[in-house]
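Asks: Predicted model follows, preceded by the sequence.
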Amino acid sequence: MILRMSTMFLRTLRDDPVDAEVPSHRLLVRAGYIRRAAPGGYTWLPLGLRTLNRVETIIRQEMDAIGAQEVHFPAMLPREPYEISGRWTDYGPNLFRLQDRRGVDYLLGPTHEEMFTLLVKDLYSSYKDLPLWLYQIQTKFRDEARPRAGLLRGREFLMKDSYSFDIDQDGLQRSYDAHRAAYLRTFDRLGLPYDVVSAMSGAMGGSASEEFLFPCESGEDTFVSCSKCDYAANTEAVRVGEPAKIDYSGFAAAVVHETPATPTIATLVDLFNSRADLKRSDRAWHSGDTLKNVIVNLRHPDGRIEPLAVGVPGDRDVDLKRLEAQVAPAEIFDFTDEDFAKNKNLVKGYIGPTALGEKNVSSIRFLLDRSIAIGSAWITGANATGRHVASLVYGRDFSCDGVVDAADVRDGDPCPKCGSKLQIRRGIEIGHVFQLGRKYAETLGLTVLDQNGKTQVVTMGSYGIGVSRAVAAIAEANHDELGLKWPTAVSPADVHIVIAGKPGDETAGAGEKLAEELSAKQMTVILDDRKGVSPGVRFKDAELIGTPRIVIAGRGVATGVVEVRNRRAGTVSEVALANAAEFVAKMPAT
RNA sequence: CGGGGAGUGGCGCAGUUGGUAGCGUGCCUGGUUUGGGACCAGGAGGCCGGGGGUUCAAGUCCCCCCUCCCCGACCA
């Protein structure tokens, strides 16, 4: 088909919109693909909608290819299922809620686990019906605190979500593997580079979970990948190796020192290095020799508040995200000065492990970072203002109530799998595969009868791809200073023909004819047939819009040739007009 | 929600001690141009984010709210 620039609903912008920072947002607005319509909500213009549809089609084809079946739920959902699963409250302010004229509660679906579970419960009741894979491509709503970066984080976005239903864990594993493989194929076809990283299953009660991250500076997710082996994980999910025990038999006994005015790690280390009686002979003390004890508050789902102490090496911070992922479903919030005032056994700035722990004076649960070895000696608080203790040995002088991964992960930390250096990277989550297990099936009562006539709770998996986000990610991965340069598979058109001659000359006729020929070959053609627009504008617009192939019907037409450009490779070929359609149609997809 | 910046024709911006709202681009008309965002002339287009106040007079000063962008918190 032919899309005529003279009539297409399109206006490209000469200047960058000032409120758009990331390249995908800037270029998609400037090239006339999307317009902002609401905070975190975008209107798809004809060009943008074409690309969105093509992305959708590829995803749909790959889902259909593994045997998943498409359904479609309403976006506006009743409260009850979410009430049963607990997410009506768990989702908190992130859920868009509304009421009908009688005051009955509804929500705009942020994700549809409950609805899929109930749908299968409604129709199926036998193991013979399983496995079953269902999916939908649906607008999702989340009241994000801060929508940003155009399509990358909106409050309304398009998502493909699928769900697998199996009789047991082996079945779930097969479903999971099939989806994972389909995702690899999908992202390859979309022309999106990705890293598959281990993610936290957290409160969801599942086991395996992996995210597909598009590595990108403007990404919001931090992950690590090993420089040598294939290990990659979301920072929350990184598990450092257990350290070897240290033989402390020759270590000095713990001794308390007067350390006035040392409320911070830095002041403490300075003091130890500056006093002759505390100085180390072999090297200077550094912050990693100190044990930092941080107190946070946990809010459990039942509303119970519990203080929690976490010990990490003094040269590291507690990564609250990592910690929260491990204490989930509890949430973390600040332990305030008021809380300190109520706990007389805690001396702010001088907290030490001997006061911590369920069996000690504070009776506050005390968790140690996994990196801390049994037998290691520490400088740490002595639970009195202006006092610290040195040579306090873990396993000899103090203990803890458990081990946790709480310290922040840094660039260069050892890989838990092979010991090589980890790299910290950023990415955009474009897909997520997740073994849900029985959580939803159990709470919503999805069971089937097995071969023995016994009731079995169904085991589920859920699998998501951010469709509108993928469009933005593809734009992030495929642009230059001139504009977009789409992969062939998702470009809004296959070829863009620029008529660059003088009005009334033969270039317009040549462009029209070529457009007809390409259209007859089932290609989608953008034809710049606008009147009175200078060639410079046409070139700029073609490059901004970014179809992978651009044909210039200009001064060469007089001698029977057109210029065929490969926007992605940056190459140019002169082709005889008579062969042009054939040539363009045979250009390899990129 | 915390910190920082900003809201003035579609887009990018200026607007002085408070005194009739401007420029560039885009759009319309006519003419000249036509291989890298052309030129001339004439036009249309504004609740100056919203609401209160101060004042003879508010884009400009004061108060409240909303929205957008950046950093952080949050993010099945």
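Replies: Looks like it arrived, so ask away.
Asks: Please identify the helix or strand for the residue in the stretch 401-550 of chain A positioned nearest to RNA strand B.
Replies: Proximity to RNA strand B, evaluated over the stretch 401-550 of chain A using Cβ to the nearest atom of the strand, is greatest for A:Gly536 at 2.8 Å. C-betas here are computed from N, CA, C, even on glycine. In the assignment (DSSP states H and E), A:Gly536 maps to helix A:535-545.
Asks: Show residues contacting that helix.
Replies: Residues outside helix A:535-545 that contact it (Cβ atoms under 8 Å, 6 or more residues apart in numbering): A:5, A:12, A:27, A:30-32, A:47, A:482-484, A:492, A:496, A:498-500, A:526, A:528, A:530, A:550, A:552, A:554, A:567.
Asks: repeat that for 6 Å
Replies: A:Thr12, A:Ala31, A:Leu482, A:Gly483, A:His496, A:Val498, A:Ala500, A:Asp528, A:Ile550 (Cβ atoms under 6 Å, 6 or more residues apart in numbering).
Asks: Would you give the sheet partners of whichever helix or strand comes after it, along with the direction of each?
Replies: Downstream of helix A:535-545, the first helix or strand assigned by DSSP H and E is strand A:549-553. Paired strands of strand A:549-553, with direction, are strand A:495-499 (parallel), strand A:561-566 (antiparallel) (DSSP bridges).
Asks: burial count for the closest residue in space to A:Ala244 that isn't next to it in sequence?
Replies: Distances taken as Cβ to Cβ, 6 or more residues apart in numbering put A:Ala373 closest to A:Ala244, at 6.4 Å, once the chain neighbours are dropped. By other Cβ atoms under 10 Å, the residues close to A:Ala373 number 16.
Asks: any idea how far A:Ala373 lies from A:Ser391?
Replies: 15 Å (Cβ to Cβ, to the nearest Å).
Asks: Check A:Tyr248 too.
Replies: Noted for A:Tyr248: a distance of 9 Å to A:Ser391, by Cβ to Cβ.
Asks: And those two? Which one has more around it.
Replies: Taking other Cβ under 10 Å, A:Tyr248 and A:Ser391 do not tie; A:Tyr248 has more neighbours (18 against 15).
Asks: What is the burial count for the residue nearest to the more buried one when sequence neighbours are not counted?
Replies: Leaving aside its sequence neighbours, A:Tyr248 sits nearest to A:Gly375 (Cβ to Cβ, 6+ apart; 4.2 Å). If you count neighbours by other Cβ under 10 Å, A:Gly375 ends up with 17.
Asks: So A:Leu184, which state does it fall into?
Replies: helix (DSSP: H, G, I helix; E, B strand; the rest coil).
Asks: what pLDDT does it get?
Replies: With respect to pLDDT, A:Leu184 scores 95.
Asks: what's the closest residue to it other than its chain neighbours sitting at in phi/psi?
Replies: Nearest non-adjacent residue to A:Leu184, counting by Cβ to Cβ, 6+ apart: A:Val196, 7.9 Å away. As for A:Val196, its main-chain torsions (degrees, to the nearest 10) stand at phi -100, psi 120.
Asks: Got phi/psi on A:Val409?
Replies: With angles defined as degrees, to the nearest 10, A:Val409 sits at phi -90, psi 140.
Asks: ugh, typo on my part, it should be A:Phe157
Replies: A:Phe157 adopts backbone torsions of phi -150, psi 160, taken as degrees, to the nearest 10.
Asks: Look up how far A:Ala475 lies from the closest residue in space to it that isn't next to it in sequence.
Replies: Once flanking residues are discounted, A:Phe157 sits nearest to A:Ser468: 4.7 Å by Cβ to Cβ, 6+ apart. A:Ser468 sits 11 Å away from A:Ala475, going by Cβ to Cβ.
Asks: ok, these two, which is more surrounded?
Replies: Per other Cβ under 10 Å, whichever of A:Ser468 and A:Ala475 has more neighbours is A:Ala475, with 28 against 24.
Asks: In three-state terms, label the nearest residue to the more buried one once chain neighbours are set aside for me.
Replies: Nearest non-adjacent residue to A:Ala475, counting by Cβ to Cβ, 6+ apart: A:Ser24, 3.8 Å away. Recorded secondary structure, A:Ser24: helix (three-state DSSP).
Asks: Please tell me I have it right and A:Ser24 contacts A:Ile474.
Replies: No - between A:Ser24 and A:Ile474 there is no contact, the gap being 8.2 Å when judged by Cβ atoms under 6 Å.
Asks: of the two, who's got more company?
Replies: Set A:Ser24 next to A:Ile474 and count neighbours by other Cβ under 10 Å: A:Ser24 wins out with 28 against 25.
Asks: neighbours of A:Ser497, just the number please.
Replies: No, residue A:497 isn't Ser; it's Ile. 30.
Asks: What separation do you get for the closest residue to A:His25 other than its chain neighbours and RNA strand B?
Replies: Using Cβ to Cβ, 6+ apart and skipping the chain neighbours, the partner closest in space to A:His25 is A:Gly150 (2.9 Å). Applying Cβ to the nearest atom of the strand, to the nearest Å, the value for A:Gly150 to RNA strand B is 7 Å.
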